[in-house]
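Trainee: I'd like to go over a predicted model; first the sequence, then the structure.
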Amino acid sequence: MTEDQIKEWRCRLMNILSSDNKTYKVFADQALDLTLQNVGEKVFFRGLIEMSNRCVKDCYYCGIRRSNSDTHRYELSEQEVLSAVQVAFDQHYASVVIQAGERSNPSFIKKISSILSEVKRRYEGKIGITLSLGEQSRETLEEWFALGARRYLLRIESSNKDLYYKWHPNDNLHTFDRRLETLKILREVGYQVGTGVLIGAPFQTLEDLVNDLIFFKKMDVDMIGMGPFISHPNTPLFDKNETSQTLQDRFQLSLRMISALRCLMPNINIAAATSLQAIDPMGREKAVKAGANIIMPNVTPQSSRADYQLYPNKPCIDEEAWECKGCLEARLSMVDRKIGYDEWGDAPHFFERL
Ligand code: 5AD
Ligand code: FES
């Protein structure tokens, strides 16, 4: 993009983010048209496996931060992760996301490698693996790619470095530059790269969000997952709501972010974040109508789901995988969308940039 184009986009994106409900409806319809034209009418499911809530980091917004002693820590065994992959496969979700708190000790790295090898052996590529395991060395990322992981999610959280340090401790473990560098490494290694930001978190302005969208475009990412900030009582950012945004405000802003992003990057995959559903029972369907095309149903064994609380009021803690599948089918048919069963559902953007 030229500087002039960026300027023009900034203006358009700001218009969408600050639109009133009536004007937003027009933008949302445009975004939906762009979705159908560029990524198609199918919504793709990614079975989410929350492998562990053990984490070395101490992010000021996150419920599984190291300093939260009021959480029961767990880690699924390799067998439990493989069973969850099988649950996803049985539901015809041809893609899973393995997510966990951040760690990079050798035994953790080895465990992931071993899971990847076993998935490769069992499913021979019939199930796509996305990792969401935080910042790792180039060597580790290369090892996991070689063992079959193809996509990686690493939210930048905010593209504004100053804001990033209002949400994270300013120490060696939490450096903005390394996070950014890791996104670049992921791309060089060959992953389909996903990132994202928190929306409506303390100290953030609309301008920051416009800059985040421009950042996604400049990074030329394939996937985005972004959702509303939900204040967690056991974290430092709890009740630091100096902008006096309500949960509903953040929800509405998140829908506008999705539509704005779909206009800016029509052929990428955009997730309807689960945190939307924590605010509005129809959150994810509204996101799909706003331009999202990915949903991540939880396939974590039920006994561990409640312990993986990044934010309060997390949905689907008690439902079995098959219940979520039926529920989502009914919900998506209400918004006239089909489901891409047994397909990886890669973003067309990924193939175009190759
Ligand atoms: N509210 C909303 N999203 C959160 N995340 C972590 N804590 C919260 C919160 N309190 C998001 C982060 C992280 C992703 C896995 O969950 O953006 O990258
Ligand atoms: Fe889990 Fe509706 S998606 S119950």
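Mentor: That came through, no problem. Ligands and ions are numbered 1, 2, ... in the order given.

Trainee: residues of the chain that sit close to ligand 1?
Mentor: Residues of the chain lying near ligand 1 by C-beta under 6 Å from any ligand atom: Tyr61, Cys62, Arg155, Glu157, Leu198, Gly227, Phe229, Ile230, His232, Ser275, Leu310, Tyr311. Using the backbone N, CA and C atoms, a C-beta is placed for each residue, glycine as well.

Trainee: how about those, which pair is most distant?
Mentor: Pairwise distances across these (C-beta to C-beta) peak at 16.2 Å, for the pair Arg155 and His232.

Trainee: neighbour count: the two, which is higher?
Mentor: His232 (21 against 18; other C-beta atoms under 10 Å).

Trainee: who touches that one in this structure?
Mentor: Tyr61, Cys62, Gly63, Phe238, Gln309, Leu310, Tyr311, Pro312 (C-beta atoms under 8 Å, 6 or more residues apart in numbering).

Trainee: secondary structure class for the fourth one?
Mentor: Going back to what we said before, that points to Phe238. coil (DSSP: H, G, I helix; E, B strand; the rest coil).

Trainee: the second one now?
Mentor: Each residue gets one of three states, and Cys62 gets coil by three-state DSSP.

Trainee: please report the distance of Met226 from Ser113.
Mentor: Distance of Met226 to Ser113, computed by C-beta to C-beta, to the nearest Å: 29 Å.

Trainee: circling back to that earlier point, now the residues of the chain next to ligand 1: which count as buried?
Mentor: Tyr61, Cys62, Arg155, Glu157, Leu198, Gly227, Phe229, Ile230, His232, Ser275, Leu310, Tyr311 (16 or more other C-beta atoms under 10 Å).

Trainee: which ones among the residues of the chain next to ligand 1 are found in strands?
Mentor: Among the residues of the chain next to ligand 1, DSSP state E puts Leu198, Gly227 in strands.

Trainee: rounded mean pLDDT for the helix or strand hosting Ile115, please.
Mentor: Ile115 is part of helix 106-123 when elements are defined by DSSP states H and E. Mean pLDDT, helix 106-123: 98.

Trainee: quick one: contacts of the helix or strand following it?
Mentor: Using DSSP H and E, the helix or strand that follows helix 106-123 in sequence is strand 128-132. Under the criterion C-beta under 8 Å, 6+ apart, residues 46, 94-100, 112, 116, 119, 144, 148-154, 194, 344, 346 lie in contact with strand 128-132.

Trainee: out of these, list just those in strands.
Mentor: Using DSSP E, the contacts of strand 128-132 in strands are Ser95, Val96, Val97, Ile98, Gln99, Ala100, Arg151, Tyr152, Leu153, Gly194.

Trainee: specify the beta-bridge partners of Ile294.
Mentor: Phe44, Ala271 (DSSP bridges).

Trainee: show me the residues around the nearest residue to Gln248 once chain neighbours are set aside that make contact.
Mentor: Once flanking residues are discounted, Gln248 sits nearest to Ile279: 7.2 Å by C-beta to C-beta, 6 or more residues apart in numbering. Under the criterion of C-beta under 8 Å, 6+ apart, the contact list for Ile279 reads Pro228, Ile230, Leu247, Gln248, Arg250, Phe251, Asn313.

Trainee: for Gln245, give me the pLDDT.
Mentor: 87.

Trainee: now, of the contacts of strand 128-132, which are buried?
Mentor: 46, 94-100, 112, 116, 119, 144, 148-154, 194, 344, 346.

Trainee: quick one, helices of the stretch 151-300 of the chain?
Mentor: Residue ranges of the helices in the stretch 151-300 of the chain, as given by DSSP state H, counting those that start in this stretch, are 161-167, 176-189, 206-219, 247-264, 274-279, 283-290.

Trainee: check which helices and strands the longest one sits against.
Mentor: Under the contact criterion of 3 or more C-beta pairs under 8 Å, 6 or more residues apart in numbering; DSSP states H and E, helix 247-264 touches helix 3-17, helix 21-38, strand 198-199, helix 206-219, strand 223-228, strand 269-272, helix 274-279, helix 283-290.

Trainee: so how far is the fourth one from its chain's centroid?
Mentor: Averaging C-alpha coordinates over helix 206-219 and over its chain gives two centres that are 16 Å apart (C-alpha atoms, centre = their mean, to the nearest Å).

Trainee: now do Gln245 against ligand 2, distance only.
Mentor: Relative to ligand 2, Gln245 is positioned 26 Å away (C-beta to the nearest ligand atom, to the nearest Å).

Trainee: ligand 1 versus that residue, what's the distance?
Mentor: Taken as C-beta to the nearest ligand atom, the span from Gln245 to ligand 1 is 13 Å.

Trainee: burial count for that residue?
Mentor: Counted with other C-beta under 10 Å, Gln245 comes out at 19.

Trainee: pretty sure it sits against Gly200.
Mentor: Yes - between Gln245 and Gly200 there is a contact under C-beta atoms under 8 Å: 5.2 Å.

Trainee: which residues touch the closest residue to ligand 2 within the stretch 101-250 of the chain?
Mentor: Of all residues in the stretch 101-250 of the chain, Gly227 sits closest to ligand 2, at 15.4 Å by C-beta to the nearest ligand atom. Residues in contact with Gly227 (C-beta under 8 Å, 6+ apart) are Gly196, Leu198, Ile199, Ser254, Ala273, Thr274, Ser275, Leu276.
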